[in-house]
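> here is my input, please return the structure:
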Amino acid sequence: MMSTIRLTMAQALLKFLDNQYVSLDGTETKFVAGVMGIFGHGNVTGIGEALERSAGSLVYVQGKSEQGMTHAAAAYAKQKNRRQIYACTTSIGPGALNMITAAGTANVNRIPLLLLPGDNFASRQPDPVLQQLEVGSDYTVSATDCFKPVSKYWDRIVRPEQLMSAALNAMRVLTDPAETGTVTLALPQDVQAEAYDYPESFFAKRVHDIERRSPAASSLHRAVELIRSKKRPLIIAGGGVHYSEATEQLKAFAERFGIPVAETQAGKGALAWNHPLNVGGIGVTGGLAANRLAKSADLIIGVGTRYSDFTTASKSAFMHPEAQFLNINANSMDSAKLEGTALASDAKEALLALIKELSATGYSGEYSEGEITGLKSEWDGEVDRLYALEWDGGLAQTRALGVINETIDARSVIVAAAGSLPGDLQRLWRVSDTKGYHMEYGFSCMGYEVSGAFGAALAEPDRDVYAIVGDGSYLMLHSELVTSLQERTKFTVLLFDNHGFQCIHNLQRGNGSDGFGNEFRYREADTGTYSGDTLPIDFAAHARSLGAAAYKVGTAEELRLALLKAKEETRTTLIEISVVPGTNTDGYESWWNVGVPAVSSSEKVTQAHAEMQKQLSKAKAY
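Presented below is the predicted three-dimensional model:
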């Protein structure tokens, strides 16, 4: 007779999660470290009770914002190279919906994220319950249906025995390198508390092998022949290099065949900044070396990249008339992009196979002597100039980044996400240590930075972690700073105060606008516009009020000293850095299609539209 154990659905879910493991290259890792949550009606008496009394070895972390804790969980998984996760639980209604933004962020970035939102009563007998979303045309719809577009797998468990198939499907997706992303299991609040006699076998230890997909022989042959037919290949290293743990293979491939390596935001750090073949960031937020090489490349070898418009400069970066793409990616959708030759494979496996096959042919890139070195040297000189840039009236943003980069430990982890800082960081930040650069730029989600830094610090407690964030993003979401104090998990917030959403302010003005609605200024009564003095916000005082240590700086030397003091602090610390607006980097022979109005009363907008049309004529259609 089958042996069973009687548990509530919530208790069974936790017991199942506590026994899930992943294995890669013979190394076994417990997959679910714990659960981050905020309790309310819809989860407090179900999964909340289970966490209190039968969590096993799962750790509970109390979030302060549903969006913030979910960003933290995603950042934890990202920093762990998708080998370990925290699940997230919330109440129904607004508690659940507050996770939507973070769900989309993780999904776009191909990061495993398990969400366990509460849901309406499956029995419908108390309906409508507090916070229930009633849809008159379809009563099966609830707030949790909103997770469907931002989930790789979605399920609603309306009977306790449904947990068994739902949980296995959740693990299937979460541990699949090609299909991973957000998984949502909606948990009706009555079903969470219902009991069922679950087979004991359901709770046995399960090891999910993270399979390294090898390239098909025919695909590998086509890839080899394509590379052999080209003289000026360029590698674009994406996040998949990190997740595959293929940094050494990427280095070996580039060195063996003399191919320069450009980086996406997710791929940055795959090759040390001072490696002679690392030509830096590419695309809209890229630098001169990579963007100039992209223009003349006859083959682009994308390794683990999804080719966002920032990477391709809205498909205008690659100008060689015979330019083709070789796409190495575990995800078939990504490997098929830009009419490329698909090499659907794990990055490490593909690079090893290519090294073996190409070596037998004697292949090598045919760059002229000193060409790559010369471009890299020119770009390194530009970074040095921007790091040393003095600005009348205050501290330039690029100077501040230079001081930070040169002062903090090489093993430190920086976390950023939105505004002008990602552009400056991809161009200027010098990464020496793998996983030292943690950028969320798939969604460019404002508010990720502080929460993400908490998640990264939780994942790597032996490394210093820094959230590099603008004042706009900080104001949007900073609540997990309190959670970091509660958990005694220190990180340092480097807050760049430039009085507004200056990145978009710059974008406006660069496309014909005079600047509208993006600076933090008082509204003027006579004009009705935000054109008064800037708001005098004391971010350091705010951080101190939450319990953090804090410093305020306005010069390079003050910043350097504050960084040294912050390192000695034992609790989360904030450094408020006053920088001059508009002192970020821009351009470097790239273009971004943002859509400029074809009709406007402003001549400047009309001219900007004409320039957009000119650039569109150069971009390729794929």
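
> okay, the helix or strand bottoming out on mean pLDDT in the chain in PDB with CA atoms only?
None of the helices or strands of the chain scores lower by mean pLDDT, DSSP states H and E than helix 502-510, at a mean of 78. The C-alpha trace of helix 502-510 is given here as PDB (Å, rounded to 0.1, in the frame of the first residue of the first chain):
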ATOM      1  CA  GLN A 502      17.800  63.400 -15.900                       C
ATOM      2  CA  CYS A 503      18.300  60.500 -18.300                       C
ATOM      3  CA  ILE A 504      14.900  61.100 -19.800                       C
ATOM      4  CA  HIS A 505      15.300  64.800 -19.500                       C
ATOM      5  CA  ASN A 506      18.400  64.500 -21.700                       C
ATOM      6  CA  LEU A 507      16.500  62.200 -24.200                       C
ATOM      7  CA  GLN A 508      13.700  64.800 -24.500                       C
ATOM      8  CA  ARG A 509      16.100  67.600 -25.200                       C
ATOM      9  CA  GLY A 510      18.100  65.500 -27.600                       C
END
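
> next one: the following helix or strand past it to chain centre, how far?
Later in the chain than helix 502-510, the nearest helix or strand by DSSP states H and E is helix 539-546. Relative to the chain's own centre, helix 539-546 is displaced by 27 Å; criterion: C-alpha atoms, centre = their mean, to the nearest Å.

> stretch 123-135 too?
35 Å.

> what comes up buried for it?
Residues of stretch 123-135 classed as buried by neighbour count (16 or more other C-beta atoms under 10 Å): Val129, Gln131, Gln132, Leu133. Every residue, glycine included, has its C-beta placed from N, CA and C.

> pretty sure the first one is in a strand, no?
Pointing back at Val129 there. No: counting by DSSP: H, G, I helix; E, B strand; the rest coil, Val129 is not part of a strand but coil.

> contacts only, for it.
Neighbour list for Val129: His41, Ile92, Asn120, Phe121, Gln189 [criterion: C-beta atoms under 8 Å, 6 or more residues apart in numbering].

> quick one, strands of the stretch 1-150 of the chain?
For the stretch 1-150 of the chain, the strands defined by DSSP state E, counting those that start in this stretch cover 4-8, 20-24, 27-30, 32-37, 59-62, 85-90, 113-119.

> tell me which of those strands lies nearest to Glu487.
Taking C-beta to C-beta, strand 59-62 is the member of the strands of the stretch 1-150 of the chain nearest to Glu487, at 6.5 Å.

> the residue nearest the centre of the chain - nearest residue in space that isn't next to it in sequence?
By C-alpha atoms, centre = their mean, the chain has its centre lying nearest to Glu440, at 2.5 Å. Leaving aside its chain neighbours, Glu440 sits nearest to Ala417 (4.2 Å; criterion: C-beta to C-beta, 6 or more residues apart in numbering).

> try Thr583
Spatially, and ignoring its direct neighbours in sequence, Thr583 is nearest to Ala396 (3.9 Å; C-beta to C-beta, 6+ apart).

> same check, this time on Val141
Val135 (4.2 Å).

> and the gap between the one you found and Asp145?
As judged by C-beta to C-beta, to the nearest Å, Val135 and Asp145 stand 9 Å apart.

> now do the shared contacts for those two.
Among the neighbours of Val135, none is also in contact with Asp145 (C-beta under 8 Å, 6+ apart).

> surely Leu351 is within a helix?
Yes: assessed with three-state DSSP, Leu351 lies in a helix.

> what about it, distance to Ser229?
In this view, Leu351 and Ser229 are 19 Å apart by C-beta to C-beta.

> repeat that for Glu194.
Going from Glu194 to Ser229 by C-beta to C-beta gives 63 Å.

> okay, these two: which has more neighbours?
The neighbour comparison of Glu194 against Ser229 (other C-beta atoms under 10 Å) goes to Glu194, with 16 against 11.

> for the more buried one, give me its contacts.
So, once contact is read as C-beta under 8 Å, 6+ apart, Glu194 ends up touching Thr8, Met9, Arg159, Pro160.

> just the buried members of those?
Among the contacts of Glu194, those classed as buried by 16+ other C-beta under 10 Å are Thr8, Met9, Pro160.

> I'd guessed the second one sits against Ala167; true?
It stands for Met9. No: checked against C-beta atoms under 8 Å, the pair Met9 and Ala167 is beyond contact range at 10.2 Å.

> pretty sure Leu563 sits against Ile575.
Yes: using C-beta under 8 Å as the test, Leu563 is close enough to Ile575 to be in contact (7.0 Å).

> okay, these two: which has more neighbours?
Between Leu563 and Ile575, counted using other C-beta under 10 Å, the more crowded position is Ile575 (26 against 21).

> and the more buried one, what are its bridge partners?
Under DSSP bridges, the beta-bridge partners of Ile575 are Leu494, Tyr551.

> check contacts around it.
Ile575 neighbours (C-beta under 8 Å, 6+ apart): 492-495, 540, 550-553, 559, 562-563, 566.

> so where does Ser617 fall, helix or strand?
Taking DSSP H and E as the definition, one finds Ser617 inside helix 603-618.

> okay, buried residues for that helix please.
For helix 603-618, a neighbour-count test (16+ other C-beta under 10 Å) marks Val605, Thr606, Ala608, His609, Met612 as buried.

> I'd like the mean pLDDT over that helix, please.
For helix 603-618, the mean per-residue pLDDT is 85.

> domain assignment for the chain?
Listed domain ranges for the chain are 4-209, 217-373, 388-499+535-578 (source: automatic domain parsing).

> got CSV for those, with distance to Gly517 and mean pLDDT too?
Formatted as CSV, those follow (distance: least, C-beta to C-beta, whole Å; pLDDT from 0 to 100):
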stretch, distance to Gly517, mean pLDDT
domain 4-209, 21, 97
domain 217-373, 23, 96
domain 388-499+535-578, 12, 97
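
> and those: which comes nearest Gly515?
Comparing the domains of the chain by their distance to Gly515 (C-beta to C-beta), the top pick is domain 388-499+535-578, with 12.3 Å.

> how long is the closest one end to end?
End-to-end span of domain 388-499+535-578 (C-alpha to C-alpha, to the nearest Å): 17 Å.

> how distant is it from the center of its chain?
With C-alpha atoms, centre = their mean as the basis, domain 388-499+535-578 stands 16 Å off its chain's centre.

> stretch 250-269 now?
Remark: stretch 250-269 is offset 20 Å from the chain centroid, using C-alpha atoms, centre = their mean.

> about what we covered before: I'd like the strands of the stretch 1-150 of the chain as a markdown table, with distance to Leu326 appended.
Formatted as a markdown table, the strands of the stretch 1-150 of the chain follow (distance: least, C-beta to C-beta, whole Å):
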| stretch | distance to Leu326 |
| --- | --- |
| strand 4-8 | 51 |
| strand 20-24 | 25 |
| strand 27-30 | 30 |
| strand 32-37 | 36 |
| strand 59-62 | 42 |
| strand 85-90 | 32 |
| strand 113-119 | 30 |
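
> related to what we said a few turns ago, from the contacts of Glu194, pick the one nearest Lys251.
Nearest to Lys251 out of these is Met9 (C-beta to C-beta; 48.2 Å).
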